[in-house]
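In: fold the following for me, if possible:
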Amino acid sequence: TRYGHFPLPRPLGLMLGQPFASSVSADPVPSWGCGRSAHSPGSSDRTMRYRPASGQPTQYRLMLPQHADGKTPLPLVLSFHGWAGNLSERPVLLAHGRQHGYIVAAPTGFADDLWPSWNGGGSTRSPGRLGATCLDPTGSLFDPPGTKGYCYASCGTCDDACWWTTCEDSVAQAAALLDELLGDVCVDASRVFATGVSNGAIFLYELASDPRTAGRFAGYAPVVGSPHAGFNAPPLHPPAAFFGVWGELDTTVPPAAANASDGVAVDTSYAGGWRYTAARAVTARWAEASARPRRDPSGRFPGAFQEPSRRTAAGPSHNRSDSRTRGAAEAAWATSFVRAVPRWSSACGAAAGTTRPRGPRTRSSTSCATTSHTRRACLRRGRATTRRRSAAASPPATPQRSR
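Out: Coordinates of the predicted model:
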């Protein structure tokens, strides 16, 4: 598996795909692309028409189901990759959508001078309400000490060393992609969902709280991702369906708070790890918002909070192909995620553990056998040079990762 490619364990990937396949609306809302879509079923890579002021181009992979006819409105899932990932990161989800009747679009985030990423959930706003979002805000563990190792070019000057993604407007990118898809393919606009892994999952909380996108998604399915400490914003248009999966053995974005009194989970994969909102605090915030529902203008998303009693379970690392889930109960519950939408739900599960990346600005001198979820810690431990690559330089090498 190539560096930057982060496949979910197949049982978990299928479990997450099942709700979207079950999303059949009795009263679909056809997008303006219905009746004039010229795209054939299958997968194609496309360049987005939207570009930021910097001019950076981005691509996305579009998967149309095998029975798509361009006239029947179908559910749409936007899938956001992990840090330093790409549009190839969710092959199981794309294949499941093709077979089971929903559209999948997997965009690539802005890379600037480093790696593709998504700006949201506090990734470029440290210090926040609860202070710095990492344990090493001065960059003392970088080489040389004091370097702000992940300060992307679009950020200009970062306030501290906790910043780790692009500062481009990722919400504007997602909104533009959604507009493009609604005009190009036949989508049921009442059944648009967002999912993501790691950095992509953290970005979902930004989509849910930003007025430009919050009213446009019927549900969210973050995988091993929580907003940073101090950035646990509730959904702007609750209730929205929610299916969260965390890894009980995950040391990068752990679900449990290090100190029960503050609700902050700490990345222990590296001495200067990041600080996140604990999973229980995330679901509690969404539940609280859903108890006081504010309908969007269409009134499509009434519902009630419901927390399942079961948790998903998997092997010791969520990038291992042999991980297993206790699938039957969870898959059955996941199916109801959208079949009964609008109903708001959450799952704080032991999807699988991981160790995640925290690293310097450029290529590590060591071979980082890691997924996009674990890459930052591996790179930072590599103690590589922090000299910024020029705009004309080639991107970092992509070493093979061991299984």
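In: after the strand ranked longest in the chain comes which helix or strand?
Out: Ranked by number of residues, the top strand in the chain under DSSP state E is strand 187-197. Note on strand 187-197: by DSSP states H and E, the next helix or strand toward the C-terminus is helix 199-209.
In: any stretches of the stretch 251-400 of the chain with poor pLDDT?
Out: 292-372, 375-400 (pLDDT under 70).
In: and the angle for the longest strand of the chain with helix 199-209?
Out: 130 degrees (axes from the mean of the first three to the mean of the last three C-alpha atoms, to 10 degrees).
In: just checking, what packs against strand 187-197?
Out: helix 10-21, strand 74-80, helix 170-184, helix 199-209, strand 219-223 (3 or more C-beta pairs under 8 Å, 6 or more residues apart in numbering; DSSP states H and E). C-beta: built from backbone N, CA, C; applies to glycine.
In: output the helix or strand following the second one in PDB with nothing but the alpha carbons.
Out: I take that to be strand 74-80. The helix or strand immediately downstream of strand 74-80 is helix 91-100, counting by DSSP H and E. Once non-C-alpha atoms are left out, helix 91-100 reads as follows in PDB (Å, rounded to 0.1, in the frame of the first residue of the first chain):
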ATOM      1  CA  PRO A  91     -11.600   2.300  -2.600                       C
ATOM      2  CA  VAL A  92     -14.000   0.200  -0.500                       C
ATOM      3  CA  LEU A  93     -16.500   3.100  -0.200                       C
ATOM      4  CA  LEU A  94     -16.300   3.900  -3.900                       C
ATOM      5  CA  ALA A  95     -16.800   0.300  -4.900                       C
ATOM      6  CA  HIS A  96     -19.800  -0.100  -2.500                       C
ATOM      7  CA  GLY A  97     -21.400   3.000  -3.900                       C
ATOM      8  CA  ARG A  98     -21.000   1.700  -7.400                       C
ATOM      9  CA  GLN A  99     -22.700  -1.600  -6.500                       C
ATOM     10  CA  HIS A 100     -25.400  -0.200  -4.200                       C
END
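In: output the helix or strand following helix 91-100 in CSV, but only the C-alpha positions, please.
Out: Using DSSP H and E, the helix or strand that follows helix 91-100 in sequence is strand 103-107. Extracted C-alpha coordinates of strand 103-107, given in CSV (Å, rounded to 0.1, in the frame of the first residue of the first chain):
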residue,chain,number,x,y,z
ILE,A,103,-22.7,8.5,-5.8
VAL,A,104,-19.3,9.0,-4.2
ALA,A,105,-17.1,12.0,-4.8
ALA,A,106,-13.6,11.9,-3.2
PRO,A,107,-11.8,15.3,-3.5
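In: of all the helices and strands packed on strand 187-197, which lies closest to residue 52?
Out: Nearest to residue 52, of all the helices and strands packed on strand 187-197, is helix 170-184, at 7.3 Å by C-beta to C-beta.
In: quick check: buried residues in that closest one?
Out: 170, 171, 173, 174, 175, 176, 177, 178, 180, 181, 182, 184 (16 or more other C-beta atoms under 10 Å).
In: do the same with stretch 129-148
Out: Those would be 130, 132, 133, 134, 135, 136, 137, 139, 141, 142, 147, 148, for stretch 129-148 by 16+ other C-beta under 10 Å.
In: including secondary structure, could those residues go into CSV?
Out: Listed next are the buried residues of stretch 129-148 as CSV, based on DSSP: H, G, I helix; E, B strand; the rest coil:
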residue, secondary structure
130, coil
132, coil
133, coil
134, strand
135, coil
136, coil
137, coil
139, coil
141, coil
142, coil
147, coil
148, coil
